[in-house]
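Colleague: Mind folding the following:
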Amino acid sequence: MNERDANPDETPQSPYTGSRASGPASVPSDSPAHTQGGAAEASSPKDAAFYNAWNTLLGWMREYADAHREAMFEKEADFPDYIYRMERPYDLPTTVMSASLSDPKGRPLLLLNASPRHTVFKEIVLHPFESHTYRKLTYSPQQGALVEGKRAFTKARLFELADALYHSDARVAE
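Modeller: Next comes the predicted model:
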């Protein structure tokens, strides 16, 4: 007689589960990043400001596309924590992680993407297609805006970059 047969009142344990009781694998019970209902805790104020600035930049891109017939705003990808949120509330101001300004045929000319929430160093990358150069923007709490180095990245700078990409055969490489 083996030990499993020794006590018939006990329910058999699956060989694929561990010996200790545990909650669902996707929501660790002792993790500080999760609360009782599995909802993610609020972001830090700096992270919230970064994603609000990202949302503002997306608005500028939409404005540019609305004002120029040859430009089209396209969402390229959503944030992973939005896609896999299950029943958890979503607290970022936008679901868009990557977007582009494209030509009428859908070919991107300028691709922008923001770092997902789990990254330590948050940045936005502006990548003109068919170019070896790209720009990185970070959030500056001192300026209250996205910056490239120490210079604030403004709506006018985005429009200048987009104009140069749309109205020139040569791609901008500043």
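Colleague: Give the other helices and strands that the longest helix anywhere in the chain contacts.
Modeller: The residue-count maximum for a helix in the chain (DSSP state H) belongs to helix 45-67. Contacts defined by 3 or more C-beta pairs under 8 Å, 6 or more residues apart in numbering; DSSP states H and E place helix 45-67 against strand 72-78, strand 96-102, strand 108-114, strand 135-140, strand 145-148, helix 155-166. Quick note: C-beta positions are derived from backbone N, CA and C, even for glycine.
Colleague: same thing but at 6 Å, please
Modeller: Taking 3 or more C-beta pairs under 6 Å, 6 or more residues apart in numbering; DSSP states H and E as contact, the helices and strands that helix 45-67 lies on are strand 72-78, strand 96-102, strand 135-140, helix 155-166.
Colleague: Residue ranges in the protein under the pLDDT threshold?
Modeller: For the chain, the stretches flagged by pLDDT under 70 are 1-43, 168-174.
Colleague: To Leu110, which of the helices and strands packed on helix 45-67 lies closest?
Modeller: strand 96-102 (4.5 Å; C-beta to C-beta).
Colleague: which other residues reach the closest one?
Modeller: 58, 61, 71-72, 74-79, 108-114, 162 (C-beta atoms under 6 Å, 6 or more residues apart in numbering).
Colleague: Using CSV, please lay out the helices and strands packed on helix 45-67 together with mean neighbour count and distance to Val125.
Modeller: As requested, these are exported to CSV (neighbours: other C-beta atoms under 10 Å; distance: least, C-beta to C-beta, whole Å):
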stretch, mean neighbour count, distance to Val125
strand 72-78, 15, 12
strand 96-102, 22, 9
strand 135-140, 18, 6
helix 155-166, 16, 13
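Colleague: Tell me which of these lies nearest to Lys46.
Modeller: strand 135-140 (6.8 Å).
Colleague: Check which strands are paired with that closest one and give the direction for each one.
Modeller: Here strand 135-140 has these sheet partners by DSSP bridges: strand 124-128 (antiparallel), strand 145-148 (antiparallel).
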